[in-house]
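Chemist: give me coordinates for this.
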Amino acid sequence: FIKGGAEYAHLCRKVQETLERSQKATGNQTGGRSNQKYWMKLKYLNEYYSHKFSREIVEYCVEHQASVLVLPVYSEDYSKYVMKASGNWSALHLSNQIREKLKYKAWKAGIVVLETDAAGVSSQCAVCGKQIRKKDAEFVCPEGHSGNRYLNAAINLGRKCLKSFGKQVG
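Modeler: Model (predicted):
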């Protein structure tokens, strides 16, 4: 959904390269005023893109008349592992800021934001509940069901959220 992740990562990488050159030129100092502008630029990139992406998500929800937005919550260990594996300035590192901005922007647009534990949502078929096999962005179920695995996980997440409210889901 978010198409600017590669752009964000590229801009951050360019600033980091400039920062590294600056640090070498100043005797590998990690702080100081000479490098502060680069750290601030990284901060501003983070702020700009987290606002941009959260706004795009809310606009999409409004356009499609969504009144509830369900966000997955991952275990702390899993989150730390993914963040470390993705690198310091990847688009994944925006996720916490996007979530925070999403909450108030969605509320302002009349959309309720709920967070639900994501355990198991990507490993079973949304049609029959059987264990699925993943292949890139697709999934295959032993019962013959197949499709986009991210959409499958989103459907499972929505059902899990509804079940947490005690509603019967078909």
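
Chemist: which residue lies nearest the spatial centre of the chain?
Modeler: Ser95 (4.3 Å; C-alpha atoms, centre = their mean).

Chemist: that one in helix, strand or coil?
Modeler: When classified by DSSP: H, G, I helix; E, B strand; the rest coil, Ser95 comes out as helix.

Chemist: separation between it and Val112?
Modeler: 20 Å (C-beta to C-beta, to the nearest Å). For every residue, glycine as well, the C-beta is placed using N, CA and C.

Chemist: what helices and strands are in contact with the longest helix seen in the chain?
Modeler: Longest among the helix segments of the chain by residue count, using DSSP state H, is helix 33-63. Secondary-structure packing of helix 33-63 (3 or more C-beta pairs under 8 Å, 6 or more residues apart in numbering; DSSP states H and E): helix 5-25, helix 95-108.

Chemist: convert the C-alpha atoms of the longest one to CSV, please.
Modeler: Taking Å, rounded to 0.1, in the frame of the first residue of the first chain, the C-alpha atoms of helix 5-25 are listed here in CSV:
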residue,chain,number,x,y,z
GLY,A,5,9.2,3.2,1.4
ALA,A,6,12.0,2.8,-1.1
GLU,A,7,12.1,6.6,-1.6
TYR,A,8,12.4,7.1,2.1
ALA,A,9,15.1,4.5,2.5
HIS,A,10,17.1,6.0,-0.5
LEU,A,11,16.9,9.5,0.9
CYS,A,12,18.0,8.3,4.4
ARG,A,13,20.9,6.4,2.8
LYS,A,14,22.1,9.5,1.0
VAL,A,15,22.0,11.6,4.2
GLN,A,16,23.9,8.8,6.0
GLU,A,17,26.6,8.7,3.3
THR,A,18,27.0,12.5,3.6
LEU,A,19,27.1,12.2,7.4
GLU,A,20,29.8,9.5,7.2
ARG,A,21,31.9,11.7,4.9
SER,A,22,31.5,14.6,7.2
GLN,A,23,32.5,12.5,10.2
LYS,A,24,35.7,11.4,8.4
ALA,A,25,36.5,15.0,7.5
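
Chemist: buried set for it?
Modeler: Tyr8, Ala9, Leu11, Cys12, Val15, Leu19, Gln23 (16 or more other C-beta atoms under 10 Å).
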